[in-house]
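A.B. asks: Predicted model and sequence follow; I will ask about them next.
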Amino acid sequence: MQIAVLGAGSMGHGIAQVSAMAGHDVVLRDIEAEFVESGLEGIRENLQGGVDRDKLTGTEMEETIARIEGTTDLADAVSDADLVVEAVPEDMDLKQDVFSDVEDAASEEAIIASNTSSLSVTEMASALEHPERAVGLHFFNPPHLMDLVEIVVAEQTDERTEEFAVDYVRDVEKEDVVVRDSAGFATSRLGLVTGLEAIRMVEEGVASPADIDEAMKLGYGYPMGPIELGDHVGLDVRLHIAEHLREELGERFRPPQALRRKVRAGKLGKKSGEGFYVWEDGERAGMSGQWGEDDE
Ligand SMILES: NC(=O)c1ccc[n+]([C@@H]2O[C@H](COP(=O)([O-])OP(=O)(O)OC[C@H]3O[C@@H](n4cnc5c(N)ncnc54)[C@H](O)[C@@H]3O)[C@@H](O)[C@H]2O)c1
């Protein structure tokens, strides 16, 4: 199958990688050549990590890379695609524009999917002349390591599209959960509740971020605590989703002031080097601010 992935950022390059690893031909598109190159470089690094851990052979790595092409040209990316997955920034107007441009350049049969983590796929689909071919494919970060893909069925999604999405997710060896299009789907909605409440607990001085995270790991079997997860996802992304869910679902998603302050200060988590934790070379290196002394 021919797959186009739009946006070569955190998610897009990973979706391109897992698609190519399953044997599909992939075109990865971004708006600037340097973003495409950095996405391709991310794929090489992930695959090399897999080779180093004996998860795949050097030959499999080379074959996977050979199946992925990069471009900045939308028509090049989508004209032969059976499936287009957009992973551009979380902005409804942008995503609607991308959907509509894709429909103009792609075949009539192509399935058009969004990797949105919280926006309405129904609203996105309304930008299409044939909205029945739209669906949400919500991968998790990083896509090559996370097993789940939420399949988001919009109001307009038809049976053929839903079946196509289920087959694709199983084909790339992920686990599918089908959810109806509703704010935050199943995962972002529940994940955010713990993430926001954990920050409120820090604000109230209940415990340090590291202790709250440790409590949830040891007490509830979380692989990563809710505050550290926020640093991984990006605090700006978390704030944006919280504001959206507050609008859609009510005050229980009101973002805590501490989260707003971090974002205003440019402390966005792992990607900026500091959030609730300090990050060095992609690893946790201590806690930020007043908690700085008593970590690790
Ligand atoms: N980061 C996460 O943990 C995560 C998890 C699940 C889902 N998501 C969702 O995935 C989507 C992408 O998030 P991300 O974290 O990868 O963002 P990102 O900012 O890392 O990457 C987005 C990329 O899209 C590119 N882009 C912008 N406009 C474009 C266009 N018109 N065509 C092609 N590329 C374009 C940007 O240049 C950038 O490289 C969002 O909808 C987000 O909500 C993110």
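C.D. replies: That came through fine.
A.B. asks: Okay, strands next: where are they in the stretch 1-150 of the chain?
C.D. replies: Along the stretch 1-150 of the chain, the stretches classed as strands by DSSP state E, counting those that start in this stretch are 2-6, 25-29, 68-71, 83-86, 111-114, 134-139, 148-153.
A.B. asks: Wondering if the first one reaches the ligand at all.
C.D. replies: Yes: shown here: strand 2-6 in contact with the ligand (CB under 6 Å from any ligand atom) through L6. Bear in mind the C-beta positions are built from the backbone N, C-alpha and C, glycine included.
A.B. asks: Tell me the helices and strands packed up against that strand.
C.D. replies: Applying 3 or more CB pairs under 8 Å, 6 or more residues apart in numbering; DSSP states H and E, we find strand 2-6 packed against helix 12-21, strand 25-29, helix 74-78, strand 83-86.
A.B. asks: can you put the strands of the stretch 1-150 of the chain in TSV and add distance to M92?
C.D. replies: Formatted as TSV, those follow (distance: least, CB to CB, whole Å):
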stretch	distance to M92
strand 2-6	15
strand 25-29	20
strand 68-71	25
strand 83-86	12
strand 111-114	10
strand 134-139	13
strand 148-153	14
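A.B. asks: The one residue in the stretch 1-150 of the chain that gets nearest to the ligand: neighbour count?
C.D. replies: The nearest approach of the stretch 1-150 of the chain to the ligand comes at G9, 1.9 Å away (CB to the nearest ligand atom). If you count neighbours by other CB atoms under 10 Å, G9 ends up with 15.
A.B. asks: Provide a list of residues in contact with it.
C.D. replies: 30, 35, 39, 87, 89 (CB atoms under 8 Å, 6 or more residues apart in numbering).
A.B. asks: Could you identify the least confident member of these?
C.D. replies: By pLDDT, P89 ranks lowest within the contacts of G9, coming in at 92.
A.B. asks: Okay, it and V153: tell me how far apart.
C.D. replies: Between P89 and V153 the computed distance is 23 Å (CB to CB, to the nearest Å).
A.B. asks: Is there a quick ChimeraX command that grabs whichever of the contacts of G9 are buried?
C.D. replies: Buried residues within the contacts of G9, by 16 or more other CB atoms under 10 Å, are selected in ChimeraX with:
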select :30,35,39,87
